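S.K.: sharing a sequence plus its predicted fold:
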Amino acid sequence: MPDPRPVPPASDSTARPTDEPADDAPDSLFRQVGGESAVRAIVDRFYDLMDMDPDYARIRALHPPDLAGSREKLFLFLCGWMGGPQRYVERFGHPMLRARHLPYPIASTERDQWLVCMGRALLDCEVPEPLFERLLQGFYQTADWMRNREG
Ligand code: HEM
């Protein structure tokens, strides 16, 4: 039986018209994780945990009292980061993630709190192996790159 899924364009992403959803790669992490609603659930769990668990107090203190904006931005960013629609870029331009994190002191402690919090959120949202491992590996690389202080 032929595969009914749309065939994504070859590696040249510029071939994709801008008004077409960018989440059509059948093997994207975005698709595998369950699309937009799953990404939203992971981000919500991540910030709920950060807000309630003293283990993440250091990184919670870096965020504004109202986490609504942080939730929305991380959701928009992660859709694209996982190979889905580039919503963050459409709204805010290039993420410049490291530069945007420079105002916040991030050392290994903050990196690790972020990663443990995200790991728990993925588990709570029942993200299965090997997807869990792939996502956490990617998060590690991004979070480690965000460090801007010794320690
Ligand atoms: C390494 C530990 C990290 C710490 C302590 C941290 C902390 C923060 C803080 C305090 C903000 C500002 C929140 C706000 O203005 O509402 C922020 C924004 C953001 N963070 Fe992180 N973050 C970390 C890692 C990451 C990682 C690994 C990612 C992505 C995978 C990420 C994605 C974002 C995004 C997309 C924003 C919004 C940027 C903007 O448009 O202003 N962060 N982060």
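M.R.: Received it, and whenever you're ready, just let me know what you need. Worth saying up front: this structure is predicted, and the values here are computed from it rather than measured. Numbering: from 1, shown residues only.
S.K.: show me what contacts Val116?
M.R.: 55-56 (CB atoms under 8 Å, 6 or more residues apart in numbering). C-betas here are computed from N, CA, C, even on glycine.
S.K.: pLDDT score assigned to it?
M.R.: The score at Val116 is 98. That number is its pLDDT.
S.K.: could you do Pro8 as well?
M.R.: pLDDT for Pro8: 37.
S.K.: show me which residues of the protein are close to the ligand?
M.R.: By CB under 6 Å from any ligand atom, the residues of the chain that approach the ligand are 59, 62-64, 69-70, 73-74, 77, 81, 92, 97, 100-101, 104, 106, 110-111, 114, 139, 142-143, 146.
S.K.: okay, and which of those residues map to strands?
M.R.: Counting by DSSP state E, the residues of the chain next to the ligand place none of their members in strands.
S.K.: pLDDT on stretch 39-51, on average?
M.R.: Averaging pLDDT along stretch 39-51 gives 98.
S.K.: now that stretch - C-alpha only, CSV.
M.R.: Extracted in CSV, the C-alpha atoms of stretch 39-51 (Å, rounded to 0.1, in the frame of the first residue of the first chain):
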residue,chain,number,x,y,z
VAL,A,39,4.6,20.2,23.2
ARG,A,40,2.1,22.4,25.0
ALA,A,41,1.6,19.8,27.7
ILE,A,42,5.3,19.3,28.2
VAL,A,43,5.9,23.0,28.5
ASP,A,44,3.0,23.4,30.9
ARG,A,45,4.3,20.5,33.1
PHE,A,46,7.9,21.9,33.0
TYR,A,47,6.8,25.3,34.3
ASP,A,48,4.3,23.9,36.8
LEU,A,49,7.2,21.8,38.3
MET,A,50,9.5,24.7,38.2
ASP,A,51,6.9,26.8,40.1
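S.K.: helix or strand right after the strand or helix carrying Arg31?
M.R.: Using DSSP states H and E, Arg31 sits within helix 29-33. Downstream of helix 29-33, the first helix or strand assigned by DSSP H and E is helix 35-52.
S.K.: just checking, what packs against that next one?
M.R.: Packing contacts for helix 35-52, counted by 3 or more CB pairs under 8 Å, 6 or more residues apart in numbering; DSSP states H and E, involve helix 29-33, helix 57-62, helix 68-81, helix 108-124.
S.K.: this completes my enquiry, with thanks.
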